[in-house]
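> Curious how this folds, go ahead:
(chains A and B)
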Amino acid sequence: MLECKNLIKKYRNKAAVDDLSLQLETGRIYALLGPNGSGKTTFMKIAAGLVKPTSGEIFFEQQPIGVFSKSQVAYMPTEAYFYTYMTGKDVGLYYQDFFEDFSMEKYSALLSTMDLDPSQKVSKMSSGMMAKLKIAVTLSRNAKLIMLDEPLNGIDIIARDRIIRTILDSFTPEKTFVLSSHLVDELEKVIDHAIFIKNGRLILEGDAELIRQEHGKSIVDMYKEIYAEVVPSF
Amino acid sequence: MLNLMKYEFRKDRNALLAAGGGLLLLELYFLYCVLTKNENHLGVSAVFLTLYATVCFFLVFALAALNYSRELNSKSSYLIFMTPNTSFTIILSKLITILILGSVMALIIGLLGWLDLYLGFSAIPDANTFSEFIQQLFNYIGLPLHQLLLSFLMELLIFLVSFFATVGIVYLSVTLSVTFLQNSKLKTVASIVFFLVITYVQYRIVDILPSIYDITDTALKACINALPATLFNLAVLIASIYACARLLDEKVSLG
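Numbering: from 1, shown residues only, chains lettered A, B, ... in the order given. Take a look at the predicted model:
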């Protein structure tokens, strides 16, 4: 479905994504794992067509990223990106105007599930409300590839389970989900494929169950092993 | 395209309403002076109204530049560039929106100006009537009405092409600065430098374009003489849009 080869994105002299090659397949839930600055967001933005790679190739269903991929890929950025004049309802109408796969009914239902008032202005929303709104509008698209960048950021611990359940309810075998998060323990139970990225480079990827079996560790423990800083002894 | 234009209009709505509100207040002040035949304030209100109307027209141009620059430098750009539209369509929708807004603004200002002149003349007892004034103006210019209208329409077209070529250069300057100075605080300064350099080159080229007639004693000859520069400006406009779209498609990373 999504394939990238030797993808590099440099900002000045620093590589945010460094020679990344990946292949995502349909019907899987991928966890894109890594600490801040590891290149997860840059990779997702390249796949969404918002950031242009310095070199390398990326294809969605054998076509370069462009109008076609944008009609099939739903991306939820970490940042608030709506116009400040918009209300929750305006956000839905905007998506309805531009995306054929958007369902206003599903959006209304998700807003209701997440206790969001459609008439509230996005500029007046708390970070938690904004996070829920972004998830609601992204999941209301029947896109083939859905990428959620840090979907649990700003969501309180009580609501996290409900958000994860909502994400899982939206998943069907025809779709592919890519979820990035630092909260690996929250994702561990729902993902079936893990991609570990460090300094823009692919460190490890594979079927989550196989990784657990091969290394005899949970994904959370693998995460700690890969990214833990060496703590000086006293 | 229409959907993109709808949201472009919506983005400009508040600024335009504020500008329109100011124009309405000044118009009311002028009408009050006309109705009360207050000659002392009539001149002042007319001057303010004329100046403000000119500012309003150029506000459309400023909005075009500001919105595009703000959009490329903020996260809200995701909203538009995530949609399945080509960069060319996005840029074109912005330009057409500005064209419509500019035309509507010019029409409103023109109609108000006509009405105010008519009312202004009726408020001054010693002055000629409005129709007499227009007749005297035509006599002074020395052109028949149909030639005057043709000349006016041609001048309007020449102005619009030149105006939109400048808008195109503004868009190109902003896009170039975002392309080459990503994550730099000097982007705004770079946009202005790019704009000044490109505009300077544009005017230098217009200066060396050949004249078709040495003497322009009729309106038609004047318009024909402006043709090479207008065609060049049209080419600048098309080239700017194309360059913006290519840069956005291939080079510009948002955010």
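> What does the pLDDT read for residue 150?
In the absence of a named chain, this looks at chain A. At residue A:150 the predicted local distance difference test score is 88.
> Chain B, not that one
The score at residue B:150 is 76. That number is its pLDDT.
> Same check on the one 5 residues further on?
According to the prediction, residue B:155 has pLDDT 81.
> does it really touch residue B:230, like I thought?
No - at 10.5 Å, residue B:155 and residue B:230 do not qualify as touching, with contact defined as CB atoms under 8 Å. In short, each C-beta sits where N, CA and C put it, glycine included.
> So the helix or strand containing residue B:19, near chain A or not?
Taking DSSP states H and E as the definition, residue B:19 sits inside helix B:2-35. Yes - Helix B:2-35 lies in contact with chain A when judged by CB under 8 Å from any CB of the partner chain; the contacting residues are B:3, B:6, B:7, B:10, B:11, B:14.
> what sits against the third one?
Applying CB atoms under 8 Å, 6 or more residues apart in numbering or on different chains, we find residue B:7 in contact with A:83, A:94, A:97, B:80.
> how close does residue A:72 get to chain B?
Relative to chain B, residue A:72 is positioned 8 Å away (criterion: CB to the nearest CB, to the nearest Å).
> sorry, back to before: mind giving me TSV with the residues of helix B:2-35 next to chain A and columns for distance to residue B:113 and pLDDT?
Shown next, in TSV, are the residues of helix B:2-35 next to chain A (distance: CB to CB, whole Å; pLDDT from 0 to 100):
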residue	distance to residue B:113	pLDDT
B:3	34	87
B:6	30	91
B:7	31	90
B:10	28	87
B:11	28	84
B:14	25	85
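> What is the most widely separated pair among these?
Put simply, by CB to CB the two of the residues of helix B:2-35 next to chain A set farthest apart are B:3 and B:14, 19.9 Å from each other.
> Those two: which has the busier surroundings?
More crowded of residue B:3 and residue B:14, by other CB atoms under 10 Å in any protein chain shown: residue B:3, with 14 against 10.
> before we move on, back to that, got a quick ChimeraX command for the buried subset of the contacts of residue B:7?
What follows is the ChimeraX syntax for the buried subset of the contacts of residue B:7, where burial is set by 16 or more other CB atoms under 10 Å in any protein chain shown:
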select /A:83,94 /B:80
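> nearest to residue A:54, of the contacts of residue B:7?
The shortest separation between residue A:54 and any of these is 23.5 Å, and it belongs to residue B:80 (by CB to CB).
> quick one, phi psi at the closest one?
When quoted as degrees, to the nearest 10, the phi and psi of residue B:80 stand at phi -90, psi -40.
> now swap in residue A:66 and tell me
Here the main-chain torsion angles of residue A:66 (degrees, to the nearest 10) amount to phi -180, psi -150.
> Please name the spatially closest residue to it (chain neighbours excluded).
Here the nearest residue to residue A:66 in space, its sequence neighbours aside, is residue A:49; by CB to CB, 6 or more residues apart in numbering or on different chains that works out to 6.7 Å.
> Next up, the contacts around the residue most central in space within chain A.
Centroid check for chain A by CA atoms, centre = their mean gives residue A:148 as the closest residue, at 2.3 Å. Under the criterion of CB under 8 Å, 6+ apart, the neighbours of residue A:148 are A:76, A:135, A:138, A:167, A:177, A:178, A:179, A:180.
> does residue A:160 really touch residue A:153, like I thought?
No - with contacts defined as CB under 8 Å, residue A:160 does not count as touching residue A:153, sitting 10.5 Å away.
> Residue 28: neighbour count?
By default, I'm working from chain A. Here the number of neighbours of residue A:28 (other CB under 10 Å) works out to 18.
> Actually, chain B is the one I wanted.
The criterion is other CB under 10 Å. On that basis, residue B:28 has 11 neighbouring residues.
> Same question for the one 10 residues further on.
Neighbour count for residue B:38, taken as other CB under 10 Å: 14.
> Quick check: chain neighbours aside, which residue is closest to it?
Spatial nearest neighbour of residue B:38, chain neighbours left out: residue B:32 (7.7 Å); criterion: CB to CB, 6+ apart.
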